[in-house]
Structure formats: C-alpha cells, structure tokens
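In: Pasted the sequence and its predicted model underneath.
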Amino acid sequence: MLLLWRLKMVIEKISKQLGQPTKSLLGWMVKRSLIKNNRILEENAVKLCAIQPTDTVLELGFGPGVGLEAAAQLLSSPEGKLIGVDYSEYMYKVSTQRMKHLIASGKVTLHQCSVDAMPLPDSSVDKVFHCNCYYFWPDLREGAAEIHRVMKPGGLMVTTLNLTRLSELASQKVIPGDNWRPENYIDALRATGFIDVGMEDRKDRGLVFQVIFATVCKWRLPGFSDRQKTP
Ligand SMILES: C[S@@+](CC[C@H](N)C(=O)[O-])C[C@H]1O[C@@H](n2cnc3c(N)ncnc32)[C@H](O)[C@@H]1O
C-alpha cells in the first residue's frame, strides 16, 4: 500500500514537471530528457511549417528551446521573426540562455506567459508550431482561440505528437485527463475557426509520429469578433 502511494506521488511529480518544469533535480532531469527525446518531433514540427525567410513564427511551450533553434535558422531575412511562449520560469531562463545572441539582435523574442493569454497583437503571426504541449493546457478551446486570434488569415498551425507514447503515458497517469486525445484538440481547433484540420502519420529516423495541421480562417465566424484585442 505504501509502495503504491509512493509510486503515485512520483508519477504526480513527473507529470507536474512535464507540464511546467521548475528549477529542481527532477526539473533538470525532465529538461535533459526533453532535449534528448523530443528533437525529432521538434525538428519535424519546424520542417512541416514550411517556414519562409520573412515569416513571423511562434512556438508554444518551447521548453528547453530545441525547436526555437531549428526555426531561427530558417528565418534568414531581416524581416523574419521568431517568438516563443512558455509559462515555466525555468524553461524561459534555459531558452533565453540558449537563444541569447538572437534575442540580443532582436530576431527572437521569448515571453513567459500562458498560451491562453499571449501578449501579441491580433493577426500578427504567419506560422505556429508546438510539440508535446497542448495536453497540458487548462482549456483546449481557450488555447486554440488565442492561437487563432494572434495568427494571420491563411496562417498554418502544426503540432507533432507520438500517439503511441502518449497513450502509454496517459494510461500511467503521467499525462493528465483526456485532452491528450488528438480528436479533442482537433475539435477545439475546428470550433475556434481553423479549417483544413487533419492528422497524418509521418516517419523520420525510424520514429513514427503524428502531425496535426490546421489553417486559420477569419471570416464568417459567429462570435469570433468578441475575442479580438487591439495591439
Ligand atoms: C512536455 S514540455 C515540452 C517542451 C518542448 N516542446 C519539447 O517537446 O521538448 C511542455 C512545455 O509546455 C509548457 N506549457 C505547458 N502548458 C503551457 C501553457 N498553458 N502555456 C505556456 N506554456 C505551457 C511547459 O512549461 C513545458 O515547457
């Protein structure tokens, strides 16, 4: 009984650290594991966004910054900008250190904030990508609506996930609740004004993973205008 209780506590702690890493031994271990294990998903999210040199690109839940680094290399025009948001103070500091030169030059801006309240103007972002992130958001529709708000019409949102691994982690209660199920995020995207929403299987370096694509539509959306914010 005591062993089971201890196991439950450990799982809860790992789950918390995955959802919002903190500066601690476990947070450091989670950071190391994200860098080692999520590179393929991060790099593919970047690749599948088809980033153009002049784009404004946003990564949600950037964690230790592997995807930020890959995306920044593609924004070769002075007009191209990269923005990242993550509400973990620890991840914000780690990625700020990783991207310090590009932050100093103004190419990259990082914000420590939640996905559902981003300090970004309406219709200002061309591409959004994220990886291993949406299932930690408190409310999928709030998150999707905020992404929709900051994106330009016709903009592309891409997220990559490893469904096999996710369902294992969910059955072990490491991933909380039911939001990890792609159909729940897909429903939230459709309900908040994204079109051409779909999921495909992909393979890279022996890893089979899934990618969700969604395109922003900003017309004929009942109730959309009440979410508009002024820059
Ligand atoms: C499992 S980690 C994944 C990090 C990175 N994308 C990767 O794949 O290695 C989830 C990240 O999303 C961030 N995150 C979770 N919920 C968030 C929210 N509502 N707003 C902003 N960041 C969030 C966490 O702080 C954490 O850095």
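Out: Received, thanks.
In: near the ligand at all, stretch 53-65?
Out: Yes: counting by Cβ under 6 Å from any ligand atom, contacts between stretch 53-65 and the ligand involve 61-63. Where you see a C-beta, it was placed from the backbone N, CA and C, and this is true even at glycine.
In: interface residues of the protein facing the ligand?
Out: The chain comes close to the ligand at residues 18-21, 34, 38, 42, 61-63, 85-88, 91, 114-115, 131-133, 136-137, as judged by Cβ under 6 Å from any ligand atom.
In: Okay, and which of those map to strands?
Out: Counted as lying in strands by DSSP state E, out of the residues of the chain next to the ligand, are 85, 131.
In: So which of the residues of the chain next to the ligand are in helices?
Out: Among the residues of the chain next to the ligand, DSSP state H puts 18-19, 34, 42, 91 in helices.
In: Relative to Pro119, which of the residues you listed is nearest.
Out: Met91 (17.1 Å; Cβ to Cβ).
In: hang on, isn't the closest one packed against Phe62?
Out: Yes: shown here, Met91 and Phe62 form a contact pair, counting by Cβ atoms under 8 Å, at 6.9 Å.
In: and the residue nearest to Cys49 when sequence neighbours are not counted, what is it in contact with?
Out: Computed as Cβ to Cβ, 6 or more residues apart in numbering, the closest residue to Cys49 that is not its neighbour in sequence is Lys127, at 4.4 Å. Taking Cβ atoms under 8 Å, 6 or more residues apart in numbering, we find Lys127 in contact with 49-51, 55-58, 155-158.
In: Okay, and which of these map to strands?
Out: 56-58, 155-158.
In: out of those residues, who has the most neighbours?
Out: Leu58 (29 neighbours; other Cβ atoms under 10 Å).
In: quick one on the thing from earlier: same list (the contacts of Lys127) but as TSV, adding pLDDT.
Out: Shown next, in TSV, are the contacts of Lys127 (pLDDT from 0 to 100):
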residue	pLDDT
Cys49	96
Ala50	96
Ile51	98
Asp55	98
Thr56	98
Val57	98
Leu58	98
Gly155	98
Leu156	98
Met157	98
Val158	98
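In: ok, so of those residues, who is nearest the ligand?
Out: Leu58 (11.5 Å; Cβ to the nearest ligand atom).
In: Wait, the closest one touches Val150, no?
Out: Yes: the criterion here is Cβ under 8 Å, and Leu58 meets it with Val150 at 6.9 Å.
In: Now list whatever residues contact both of the two.
Out: Common neighbours of Leu58 and Val150, using Cβ under 8 Å, 6+ apart, are 120, 125, 128.
In: Geometric centre of this structure: which residue is closest?
Out: His130 (2.7 Å; Cα atoms, centre = their mean).
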